[in-house]
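**Q** Okay, sequence plus prediction incoming.
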Amino acid sequence: MKFDVVVVGAGLAGLVATAELADAGKKVLLLDQEPEASLGGQAWWSFGGLFLVDSPEQRRMGIKDSRELAWQDWLGTAGYDRENNEDYWGKKWAQAYVDFAAGEKREWLYAQGVRFFPVVGWAERGGYLAEGHGNSVPRFHIVWGTGPGIVKPFETRVRMAMENGLVDYRPRHRVDELIINNGAVVGVRGAILIPSSVARGEASSREVIGNFEFHSEAVMVTSGGIGGNHELIRQNWPARLGLPPKNMISGVPEHVDGRMLAITEKAGGRIVNRDRMWHYTEGIKNWNPVWPMHGIRILPGPSSLWFDANGKRFPVPNFPGFDTLGTLEAIQATGYDYSWFILTQKIIEKEFALSGSEQNPDLTEKNIRKVLSRIIPGAPAPVKAFMDNGEDFVIANSLQELVAGMNKLAGNNLLNYREIERQILARDREIDNPFTKDLQIIALRGARKYLGDKLIRVAPPHKILDPKNGPLIAVRLNILSRKTLGGLQTDLSGRVLDISGNPVKGLYSAGEVSGFGGGGIHGYRSLEGTFVGGCLFTGRQAGRALSQELG
């Protein structure tokens, strides 16, 4: 059977590309190794945060943003240092993406029914100088409906195209080889896996019941990254971040295995920036797991005190929510692969959010009544469930009792009560005046000058050891695997390039497998809201470019 295009991977980038191709009248075969229950891939599980620049939501919150400021932040964050080689196309994709985020991105999504929560979040705050890492202003726009809300319009478009005979979607079809003829990719071969009724994200069988071969004018690889493959993560772990963690938990399902990277490389595609990756430092083990080693990321406000495994407070600017990879490097330098938050009940009530659509039922279900319940006293229900059931939480009425519980949880006696008490008392003394030399306190007071943070994100500054703010809470933080920042090098049309920088005929790519564009749109670090957004942008760009190429 002959198709115009075979798209390999039914995550968000694959859905967007397929929708664009079908809109142009192309006949598309959409393949995925997982059951239909997992349509939409990782994006379905996401918080649905999108990077937008100078949006109506920002302006309503009093935020002054611009394309120039966003590009300044992007460059300071990415730190491109391979510009004549591996970063060449990634930087070009970045320029195009910032233009998109400052231009038609919101209007394009709005026309498809996507709406946004009115309070804009402030992720990756940086903590360096103006041209350093981080967002100068809040830019994290939460989709009303979270991950499922961003997947839905593209799934709807693809299903309409299926009804119209333009898209043939086949789950449980695992691509094992790209077919090459006269130097061009002309199709795919692979295995048909046994039907599976597992729920979204659950591990599915790899039992083979048949084989397939399909031919097409072009193949587009949209198969995601390596976040579920800890062996591959450790193999590519960058020396600049120390030794790879011995223990990690997974922020993505097991099927995010990176296998299509090697398959595409074998067909002539070039992989660049293998050593760039994005893993979170605030992971907690899911008390109700869906996939193996299932972890959830805490999205912290800036007030919790962050200690290493030995009980030493991390130095500037390793504060919660400021520099993900900087803190990861600091954690790995300790020789341990975990760290601790110490906080109060007042902080957890206002500052703890959990990443993921399933951890935010109010936003996912678009339930205004539930959203309003966030302002009443008490931790949000999903956070309270982790406090009650999660193995990484210790709650106590005294610091001595808390530290004893932390040592018991860690299975060692690394933490010295007196040392931790000394550090917290020193910090608490800095609360007495509205001015201070403690840069974390300066940062959280600065954050409260932004209305969104003051309303729902940052607790009023208070003393950690004052009993009226208790009980005390400690959270053991694990390394949480998540995103691949490198990948297949592509030009601005999504064409996969070979080792010489020339397009491999008939081969395209989009999404995380292409480093969200060019083999590494983010460089070394992300500004957040740019992973789901990168899948949207690359899927759209590659789908439209390929449609024009096919004529």
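**A** Ah, there it is. Numbers count the residues shown, from 1 in each chain.
**Q** list the helices and strands the worst-scoring helix or strand of the chain on mean pLDDT packs on?
**A** Across the helices and strands of the chain, the lowest-confidence element by mean pLDDT, DSSP states H and E is helix 368-372, at a mean of 84. With contacts defined as 3 or more CB pairs under 8 Å, 6 or more residues apart in numbering; DSSP states H and E, the packing partners of helix 368-372 are helix 361-364. (Each C-beta comes from the backbone N, C-alpha and C, glycine too.)
**Q** who touches the helix it packs on?
**A** Contacting residues not belonging to helix 361-364 are listed as 48, 117, 142, 144-149, 357-358, 367, 370-371, 373-374, 381-382 [CB atoms under 8 Å, 6 or more residues apart in numbering].
**Q** repeat for stretch 402-409
**A** Identification of contacts with stretch 402-409 by CB under 8 Å, 6+ apart yields 340, 342, 391-392, 394-396, 413-417, 420, 472-474, 476.
**Q** So which of these belong to strands?
**A** Taking DSSP state E, the ones among the contacts of stretch 402-409 that sit in strands are 340, 342, 394, 395, 396, 472, 473, 474, 476.
**Q** so where is the stretch 401-550 of the chain shaky, pLDDT-wise?
**A** Across the stretch 401-550 of the chain, no stretch falls below the confidence threshold (pLDDT under 70).
**Q** which residues of it fall in strands?
**A** For the stretch 401-550 of the chain, the strands defined by DSSP state E, counting those that start in this stretch cover 472-484, 487-488, 495-497, 503-509.
**Q** Please name every helix or strand in contact with the longest one.
**A** Packing partners of strand 472-484 (3+ CB pairs under 8 Å, 6+ apart): strand 249-250, strand 277-285, strand 295-299, strand 338-344, helix 345-351, strand 393-396, helix 399-410.
**Q** try 7 Å this time
**A** Helices and strands touching strand 472-484, by 3 or more CB pairs under 7 Å, 6 or more residues apart in numbering; DSSP states H and E, are strand 249-250, strand 277-285, strand 295-299, strand 338-344, strand 393-396, helix 399-410.
**Q** and what of the last one?
**A** Contacts of strand 503-509 with other secondary structure elements, assessed using 3+ CB pairs under 7 Å, 6+ apart, are made with strand 184-193, strand 208-221, strand 495-497.
**Q** Adding distance to residue 541, write the helices and strands packed on strand 472-484 out as a markdown table.
**A** Compiled in a markdown table, these are given as follows (distance: least, CB to CB, whole Å):
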| stretch | distance to residue 541 |
| --- | --- |
| strand 249-250 | 29 |
| strand 277-285 | 21 |
| strand 295-299 | 28 |
| strand 338-344 | 39 |
| strand 393-396 | 43 |
| helix 399-410 | 47 |
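**Q** Relative to residue 538, tell me which of these wins on proximity.
**A** Shortest distance between residue 538 and these, using CB to CB, is found for strand 277-285: 16.2 Å.
**Q** May I have the closest one exported as CSV, CA atoms only?
**A** As requested, the backbone C-alpha atoms of strand 277-285 are provided in CSV (Å, rounded to 0.1, in the frame of the first residue of the first chain):
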residue,chain,number,x,y,z
MET,A,277,19.3,16.7,28.4
TRP,A,278,16.8,18.1,30.9
HIS,A,279,16.1,16.2,34.1
TYR,A,280,14.4,17.6,37.2
THR,A,281,15.8,17.8,40.7
GLU,A,282,12.5,17.9,42.6
GLY,A,283,11.1,14.5,41.8
ILE,A,284,9.0,12.5,44.3
LYS,A,285,8.0,8.9,44.0
